[in-house]
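Engineer: Turn this into a model:
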Amino acid sequence: MKPLPSLIRVSLLLSAALGALAAPAAHAVGRLADIQVIDRDSGETLTVYRHQGEHWVAGRPGARYAVSVRNASGGRVLGVVSVDGVNVISGETAAWHQTGYVLAPWQQHAIQGWRKSDTEVAAFHFTANGQSYAERTGRPAHMGVIGVALFREKPLPPPPAVTSWPSSREQDAAEGPSSSSAAPAAESEALRDRAEPLASRRMAPAAPAPAPRLGTGHGERESSVVTHTTFERRSARPDELVRIRYDSRDNLIAMGVIPTLPVPPRPNPFPGGVPPGYAPDPS
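Structural biologist: This next block holds a predicted model:
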């Protein structure tokens, strides 16, 4: 098997996420990075539901959305992002070793669509699966899933040891010339989390959904500027793998992902304007 290259050319985001897309981390998934799904038309950060070991969000058919990625570490990270099993930058059937987005420490960016050039994307929007980009390009098998494979950067080797050369007088007085060798480079830290592939995690069979499943369409062109950089991965396997599945709210209710039990009303600590006085006896 051909080894995967650790040094690749990737896209570096130039700007942080738009202010309108910033959201609290309450609905984020991930440890190395906070991953959120944002309805761009309403500005809502979609609630993440955990069901049978999977993370789910409910998308509104027709709504544009973004995948927000915030680096939660003090070093650069690479995120290889896929939607419906397709790499969002290159359009290839997604794999870990492909191109992705590099985020500076603590940087956040909203990925709003399929990248068409260094300056444009085609907007993500929730659509019936027959109109999704994956199905229109002949790859419908992995509809309804967003994946982010996160990689830490390989540490730079320490600088070579500085050799101090003696003066000619000191050298004459010494028994022989001194010698020095550069310190070996420190070994890179072992992979912390052994992430398993997306396909290896299986969900228990669910009841049939009442409506066609959602996919992600190839929408209108929008401005989104990136430049390029190099990034050497610490390991060929991801340090963390995040998977978020999505479908319509009706389908998630039918599958039992969203509970249908009524939510009890929230008690009000000051329900009425009681005149000043003292606590009366109960009747």
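Engineer: What about Arg136, how many residues nearby?
Structural biologist: Around Arg136 there are 13 other residues, counting by other CB atoms under 10 Å. Backbone N, C-alpha and C define where each C-beta goes, glycine included.
Engineer: quick one: it from Gln112, how far?
Structural biologist: When distances are taken as CB to CB, to the nearest Å, Arg136 and Gln112 turn out to be 19 Å apart.
Engineer: With Val29 instead?
Structural biologist: For Val29, the distance to Gln112 (CB to CB) stands at 19 Å.
Engineer: Over to Val145?
Structural biologist: Taking CB to CB as the measure, Val145 falls 18 Å from Gln112.
Engineer: more crowded one of those two?
Structural biologist: Neighbours around Val145 and Gln112, counted as other CB under 10 Å, are more numerous at Gln112. The numbers are 25 against 18.
Engineer: Which residue, neighbours along the chain excluded, lies closest to that one?
Structural biologist: The shortest distance from Gln112 to any residue that is not its chain neighbour, by CB to CB, 6 or more residues apart in numbering, is 4.6 Å, and that residue is Ala66.
Engineer: go on, Asp84?
Structural biologist: Spatially, and ignoring its direct neighbours in sequence, Asp84 is nearest to Ala134 (3.8 Å; CB to CB, 6+ apart).
Engineer: Repeat that for Ala28.
Structural biologist: The spatially closest residue to Ala28, leaving aside those adjacent along the chain, is Asp34, at 3.6 Å (CB to CB, 6+ apart).
Engineer: shouldn't the one you found be in contact with Val77?
Structural biologist: No. Counting by CB atoms under 8 Å, no contact exists between Asp34 and Val77, whose distance comes to 11.5 Å.
Engineer: who's more crowded, the two?
Structural biologist: Neighbours were tallied for Asp34 and for Val77 using other CB under 10 Å; the higher tally belongs to Val77 (25 against 19).
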